[in-house]
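Asks: following is a predicted model, sequence given first.
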Amino acid sequence: MRALACLMFGLTLSAAAQTARVGAVPTVSIAPGETVTVRVADGQTGFIVVERSQGGVPRGRRAGDTVRFSFSEQDGNAMLNVENGYAEAFDYRARIHVGSRSARTSICTVMPRISTMEVWPDRIDRIELSEPRLSDGSNAGCR
């Protein structure tokens, strides 16, 4: 009986892990003029894309427990607006792409339920977002 209980527990954990990964992607790419709303996948294994749209920052309310990225350009500057709808601090990694070149860029922690703006004084073709993490914010900073 104990072996059966352990087997059932293991199967339940395996099914839960598979469910957490369904729809999760390790990276999300965003281009100027796009807005992408994501959830952090269970186990913080990647992003679950909730919505993707063109044409600037949506005016409607963002659903709770999501992060909305809006990428725009103005006066030669690339700007990434990040709205954190989680009750936890949000960290991620970003890689900027210009033509055939790419480089990792520093990004700052987005504290709970606020928005921030990352700005680069250059034209950027796209930004690749990865490694989403939710935390208590005790290690907040720019990296």
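Replies: Arrived safely.

Asks: so where is this protein shaky, pLDDT-wise?
Replies: Applying pLDDT under 70 to the chain flags the ranges 1-22, 56-61.

Asks: now the helices for it?
Replies: 2-21 (DSSP state H).

Asks: ok, the closest residue to Ala87 other than its chain neighbours - contacts?
Replies: Spatially, and ignoring its direct neighbours in sequence, Ala87 is nearest to Pro112 (5.2 Å; C-beta to C-beta, 6 or more residues apart in numbering). Where C-beta positions appear, they are placed from N, C-alpha and C, glycine not excepted. Pro112 is in contact with Asn84, Tyr86, Ala87, Glu88, Ala89, Phe90, Gly137, counting by C-beta atoms under 8 Å, 6 or more residues apart in numbering.

Asks: would you mind listing which of those residues are buried?
Replies: Buried by 16 or more other C-beta atoms under 10 Å: Asn84, Tyr86, Glu88, Ala89, Phe90, out of those.
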